[in-house]
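Just to be clear, the model below is a prediction. Sequence and coordinates:
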Amino acid sequence: MGLFRPSIYKKSIYDINYGLLKEKGIKCLIFDLDNTLGLISNKRCPDETRELIDKLKKDFIIVISSNNTRKRLKPYLEELEICGTSWSMKPSIKSLIYIKTKFKLHKKEMCIIGDQIVTDIVAGNRFRIKTILVDPLGDKDLKITGLNRKLEAKIIAKYEKKGLFKRGNYYGE
Ligand SMILES: [Mg+2]
């Protein structure tokens, strides 16, 4: 599956074994925003997300890489007191290059977490860092994401046929 296959696949950001990631040397978690940290309709950061991120901040550098606008991202960054990049244009790796440089990281210390294969996972795999796919929090997407989902559905169907990937068949620690 190469470019499209996440290193790890979990139901949500709450099901990830962060302790193990830390043990394995991950220092920076790069989260997608829409449908990963919050629903499209969550203009502000949901309480349970804030609680999780606050905990994770003790062990990791937390960054958001979003393809959405600065306006969308801003309330999350302010509330979580972290930094992030808007207009990241994932699967472009430009936000990952920026984050690597800014925090003086090695690629093996970075991990990207998101709900979309064709943006989040492809960006991470192109940059050769650990990638974690989660299921989307909601079924409402931005217009452009709707197009990506169609592409994604095609890719998933192809890999399902080969028995390589199936939605809901979570794997990895
Ligand atoms: Mg997303």
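Nice, I can see it.

Check Ile82 and give its pLDDT.
Note on Ile82: pLDDT of 97.

Could you give the number of residues near it?
17 (other Cβ atoms under 10 Å). For the C-beta atoms, the positions are set from N, CA and C on the backbone; glycine is no exception.

now swap in Val63 and tell me
Per other Cβ under 10 Å, the neighbour tally for Val63 reads 22.

now do the one 10 residues further on
A total of 22 residues lie near Leu73 under the criterion other Cβ under 10 Å.

My guess is it contacts Ser65. True?
No: here Leu73 does not reach Ser65: they are 9.6 Å apart, not a contact under Cβ atoms under 8 Å.

Mutual contacts of the two, please.
Residues touching both Leu73 and Ser65 (Cβ atoms under 8 Å, 6 or more residues apart in numbering): Gly84.

average model confidence for stretch 122-138?
95.

Check which residues of that stretch are buried.
Across stretch 122-138, burial judged by 16 or more other Cβ atoms under 10 Å covers 122-125, 127, 129-134, 136-137.

Look up the closest residue to Glu79, ignoring the ones flanking it.
Leaving aside its chain neighbours, Glu79 sits nearest to Cys45 (4.5 Å; criterion: Cβ to Cβ, 6 or more residues apart in numbering).
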